[in-house]
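K.L.:
Predicted coordinates and the sequence they were generated for:
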Amino acid sequence: MQVLAAADGSGFVFFGVIILIAGVAIVWAIIQGSHAKKNLTELAGRLQIYPNPDLRIPTIERSSTKSTFNLNLGGPASELGIMGKVRDRTLRISRYTTGSGKSQVTWAELAVSTHDNGFTFSLRRENIGWKLVELLGFHEVTLGDEAFDKRWRINASDAATLQALLLPELREKINASAAQFGAFTLENDWIRYREQGVFSNDKLVARFEGMVGLMCDLAEAIEVATGNYRQFSPNSP
């Protein structure tokens, strides 16, 4: 009987530990989620983007011309983020995940609308991922700027357009920016910067805020380089 009692007691302790760990994890997730929402709400205020709680944006391809703001607090089929108008362009800051299980990765993304006329490019720091891209047949483009070419790996659909886009002044802004942790991508009329992370990270939110001006500059330069520049109206996508 004493052995059974000891065994039963150990079982209760084991399950108690499991429940405690699960409880701590849930509380931690709630705290982090609350802090992320606070960071995004305050960021929206600093960017002078004002709230409209009725607007939902489940995907980046779906924008709205009805309002200048969205604070999305998550939920099924939607992403945590804010969306609004900055310099007469649609700006979106959002979080999403790729992969599943142990390979799941959480990304934070800053995106600004533009008109790329079918031109695409990516700009990222040297890493193993780029080596894999090269194996698939996508090779880097160089700009003749030794320091920039050494620091960044570039893939573009048209080298001449890329040269017209990334002029020395813009290259200096990119080098001086906080974009040291992720990658730029242009496709489907959005210039995007993304890095791994969550919005409960104060430093990540500060980096994104500091890059808003650069992303708008890039969006405008893309239109000039592709011959698709026009003055944005408040209802531009």
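P.N.:
Structure received.
K.L.:
ok, how many other residues are close to C216?
P.N.:
Using other C-beta atoms under 10 Å, C216 has 19 other residues around it. From N, CA and C alone the C-beta is placed, and that goes for glycine too.
K.L.:
Any idea which helix or strand in the chain has the lowest mean pLDDT?
P.N.:
strand 69-72 (a mean of 41; mean pLDDT, DSSP states H and E).
K.L.:
which stretches of the chain have low pLDDT?
P.N.:
Applying pLDDT under 70 to the chain flags the ranges 1-17, 20-33, 50-80, 126-139, 229-237.
K.L.:
where exactly do the strands run in it?
P.N.:
Remark: strands assigned in the chain by DSSP state E are 69-72, 81-86, 89-98, 105-113, 121-125, 152-156, 183-187, 190-196.
K.L.:
between the second one and strand 89-98, how many degrees?
P.N.:
Translated: strand 81-86. 160 degrees (axes from the mean of the first three to the mean of the last three C-alpha atoms, to 10 degrees).
K.L.:
same question, the fourth one
P.N.:
On the basis of the same axes, to 10 degrees, strand 105-113 is oriented at 160 degrees to strand 89-98.
K.L.:
Renumber starting at 22 from here on
P.N.:
New numbering, starting at 22: the last item is strand 126-134.
K.L.:
partners of strand 126-134, with directions?
P.N.:
With DSSP bridges as the test, strand 126-134 is paired with strand 110-119 (antiparallel), strand 211-217 (antiparallel).
K.L.:
Of these, which is nearest E161?
P.N.:
Closest to E161 of the strands paired with strand 126-134 is strand 211-217 (C-beta to C-beta; 18.9 Å).
K.L.:
what's next to that closest one, contact-wise?
P.N.:
81, 126-135, 137, 200, 202-207, 225, 228-229, 232, 236, 239-240, 243 (C-beta atoms under 8 Å, 6 or more residues apart in numbering).
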